[in-house]
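>>> give the three-dimensional model of this entry:
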Amino acid sequence: MAWARMHLRRRGPRGRLVWAVALGAAGAVVLWAAGLVWFASQLPHGVRDADTRTDAIAVLTGGLGRLDTGFKLLSEKHAGKLFVSGVYRGVDVNHLLELFQQKPEGVKCCLEIGHSADNTAGNAAETAQWVRQNGFRSLRVVTSGYHMPRTMLEFRHAMPDIELISHPVFMDHVKQERWWAWPGTSSLIVGEYNKYLLAGIRHKSEALKIKILNR
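Numbering: from 1, shown residues only. Reported below is the predicted structural model:
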């Protein structure tokens with residue numbers, strides 16, 4: 001750092017600006033990389049709480065094994081209701097049960113679906129509305145393991161007063177162990193990390209805006 005400051009003093013104003021920008025960019029890259037390592041270390045490797053019964057279960061569409069896990073949890077009486085968020089428009093409950101080869105007996109009465117969500121923030125908003133309409137106080141959240149940190153960030157923001165239990169689902173093609181050695185998995189985790197950062201920035205910006213407006 002001392003060398004860098006001496007180097008800056010020897011340059012003109014334009015050179016100092018260029019160096020300052022370069023040093024700032026290098027620092028940002030180091031912070032981003034450190035954050036990525038932290039994020040990857042926080043990814044779940046199993047279900048921490050598989051036994052606690054909740055009022056309802058929420059499944060986010062978009063990954064293999066999620067709906068199968070949701071149906072299994074419902075059949076095992078982990079909750080009394082199952083909500084599937086982000087279902088394609090035109091797909092109703094009967095069609096969904098048929099697609100996943102589920103018998104309607106004992107399931108159709110307890111299954112509801114939402115069509116309005118097209119991203120994770122939308123899943124959280126759609127599910128929060130359903131939870132409040134039904135007066136639920138606890139929810140088991142089912143999504144892929146790599147997707148769980150951002151999901152819980154969005155769900156806690158949308159439902160700060162609801163008890164949330166994460167129930168990650170794991171797929172064979174996502175290699176969380178030594179994730180950096182697998183191009184497909186590393187690309188997936190880097191993408192999730194960037195989206196996680198953007199979600200956090202969005203929530204902080206919204207909170208700051210509300211604070212300013214309430215002054």
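
>>> next one: Y88 from R202, what distance?
In this view, Y88 and R202 are 26 Å apart by C-beta to C-beta, to the nearest Å. The way it works is simple: take the backbone N, C-alpha and C, and place the C-beta from them, glycine included.

>>> one more: V93?
Distance, V93 to R202, by C-beta to C-beta: 32 Å.

>>> is it correct that I113 is in contact with G90?
No. Here I113 does not reach G90: they are 11.3 Å apart, not a contact under C-beta atoms under 8 Å.

>>> looking at those two, which is more packed in?
I113 (20 against 7; other C-beta atoms under 10 Å).

>>> next up, the contacts around the more buried one.
Applying C-beta atoms under 8 Å, 6 or more residues apart in numbering to I113 gives the contacts F83, V84, S85, V87, V91, D92, V93, L96.

>>> restricted to strands, list these.
F83, V84, S85 (DSSP state E).

>>> go ahead and confirm the last one touches G114.
Yes. Judged on C-beta under 8 Å, S85 makes contact with G114 at a distance of 4.8 Å.

>>> shared neighbours of those two, anything?
E126, T127.

>>> of those two, who's got more company?
Using other C-beta under 10 Å as the criterion, S85 and G114 rank with S85 on top: 25 against 19.

>>> what's the neighbour count on M171?
Neighbour number of M171 under other C-beta under 10 Å is 14.

>>> pLDDT score assigned to it?
For M171, the pLDDT comes out at 91.

>>> and what about it, helix, strand or coil?
Put simply, M171 is coil when judged by DSSP: H, G, I helix; E, B strand; the rest coil.
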